Structure formats: C-alpha cells, structure tokens
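Enquirer: the sequence isn't on hand, but the structure is:
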C-alpha cells in the first residue's frame, strides 16, 4: 500500500491535499496559541481532538523534531527543528515589503493615501507611500522623517517603543510645543494602547487627517506603523470609523503574515 492509500496519516484528498499534514498543523497551532508547554489533555482540547489521536501526531512531530516532551513534567512544547525553521523564516522575511503590500491593498480598497514608517535614529521614517485617488495638499518623499508628537505614526512609536528610544526626541519636541507636556504624553500613550490606533488632525499639515496603527513582527519588539491620510473635508465620524476598521484589519493581516498571530493592544 502506498502513502497515498493510507488513511489520515497520509491520505491524499483531491480537494484539500494531504489531510494528515493539516491535522498536524492544528496540533502545532494549538501549541502555539497556548503560549507555553502544554499537557496532552489541554492540547487535545485546544485542538478539538481526542487525546489518543493528538498523542499519535505528537509522536510523529517529535520524531521530526517539531515538538518535544519534557521528561520531568511530561508537557509538550516546540522542538529544535521548529526553532530552526522559525528562525530561518524570520531571516527571509522582508518586514517592510510585507507591510507595504498590505498598505497598497488598503489604498486600493479605500482610495486614500497610505504610508508605512519605521523607527530611525531621528524618529519615524517613511519607507513606503502609496498615493490614493484623493488629492492631498502635500508631497511626502520616501525617506522623510516625521515628528514624534504631532504625527499619527509618531504617536504609534511613542506608545509602543521603549522610553529609552523616544525620550530624547520627545523632550526636544516638547521644548518647542507648549501644548505638549509629560501628562499629555502619558495620556496619548494610554489612549493609543487601549484603542490600538491613533488619529491626528492637522498635526503635520493643516487640513489633513491621519489614522495610524502598529504592525508587529514575531521576534521583533520594534513595530512598524501604517497610516491612512485623507483630506479633513472627508473625515466625517462615520467615514473615519470605516477607515479605522479597514486599517486595523490590514495591520492585523500584516502582523499575521510576519508571524505575529494577533496585533498587540495595551
């Protein structure tokens, strides 16, 4: 009997491929979602399968080095092969390219300009700009540095980066912005973390509204920021709510593609 003739341990389904691979992936996904070593019964419940069935898959996954079992506790976790694969996958991933692809798709869905920014030595740097169909009274070049306090992407980095990275720039900008002080900075950080996004109006250019949210890659504590930029005349409450929902879907999808199962709030 060939491998193709086997049951769930190796049968090829003409519609879905190799079923046993998909079932094994359910076990690995459940182990990932658990956030740490798991017992067989907990893992079976999370996989929505019988413990005996999950155990068979864990035996094979363990032989391949994708899972391991602690001898003292009997708990299961990822094995050395999984760590090697994960590290190599991250090495090959271009975070900016992946995020920019989602940003362009967001531009196509909304018609509004979308940019991607990363953290640089002097603050947020625009690394991708997808122009929309709505005219804007500004031209932003790739490589431009945006302010930390008054731009939406800046406030994303202000909220999610360690204070050690933002303190010097924050103090410098506060010295020339009398409407900003430590209390307002803390309030802005808290609001952004609770919402998972931030909105600025006329912060950089009068008449421009920008909504930004973070993208997180697995294994990288520094986020990227994606923002949608639109004319203030179009920023009705209903339209902003729609754009924000689209933006949050986009950054969640980008984070997932970069190995982070869900976007971080708080």
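Expert: That came in fine, so what should we check first? Note that this is a predicted model, so its numbers are computed, not measured.
Enquirer: buried set for stretch 147-156?
Expert: Neighbour-count burial for stretch 147-156 flags 147-156 (criterion: 16 or more other C-beta atoms under 10 Å). Using the backbone N, CA and C atoms, a C-beta is placed for each residue, glycine as well.
Enquirer: one more: stretch 172-182?
Expert: Quick answer for stretch 172-182 (16+ other C-beta under 10 Å): 173-174, 180.
Enquirer: quick check: residue 76 vs residue 162, distance?
Expert: 33 Å (C-beta to C-beta, to the nearest Å).
Enquirer: for residue 183, same thing?
Expert: 20 Å.
Enquirer: same check on residue 208?
Expert: For residue 208, the distance to residue 162 (C-beta to C-beta) stands at 29 Å.
Enquirer: got it, and residue 237?
Expert: Here residue 237 is placed at a distance of 34 Å from residue 162 (C-beta to C-beta).
Enquirer: quick check: longest helix of this protein.
Expert: For the chain, the helix with the greatest residue count under DSSP state H is helix 237-257.
Enquirer: what packs against that helix?
Expert: Helix 237-257 is packed against helix 95-110, strand 208-215, strand 224-231, with contacts defined by 3 or more C-beta pairs under 8 Å, 6 or more residues apart in numbering; DSSP states H and E.
Enquirer: give me the buried positions along the first one.
Expert: By that I understand helix 95-110. 95-96, 98-103, 105-107, 110.
Enquirer: more neighbours, residue 208 and residue 162?
Expert: residue 208 (20 against 9; other C-beta atoms under 10 Å).
Enquirer: what is the more buried one paired to in the beta sheet?
Expert: Beta-bridge partners of residue 208, counted by DSSP bridges, are residue 231.
Enquirer: hmm, back to that, which among the helices and strands packed on helix 237-257 is found nearest to residue 196?
Expert: strand 208-215 (6.1 Å; C-beta to C-beta).
Enquirer: leaving aside the residues next to it on the chain, what's closest to residue 95?
Expert: residue 217 (5.1 Å; C-beta to C-beta, 6 or more residues apart in numbering).
Enquirer: neighbours of the one you found, just the number please.
Expert: By other C-beta under 10 Å, 20 other residues sit near residue 217.
Enquirer: which of the three states applies to it?
Expert: coil (DSSP: H, G, I helix; E, B strand; the rest coil).
Enquirer: that one and residue 239: what is the separation?
Expert: 30 Å.
Enquirer: likewise for residue 57?
Expert: 48 Å.
Enquirer: ok, those two, which is more surrounded?
Expert: More neighbours surround residue 57 than the other of residue 57 and residue 239, with 23 against 14 (other C-beta under 10 Å).
Enquirer: so that one sits against residue 21, correct?
Expert: No. Contact criterion C-beta atoms under 8 Å: residue 57 and residue 21 do not qualify, at 10.3 Å.
Enquirer: so where is the stretch 151-266 of the chain shaky, pLDDT-wise?
Expert: By pLDDT under 70, the low-scoring segments of the stretch 151-266 of the chain are 261-266.
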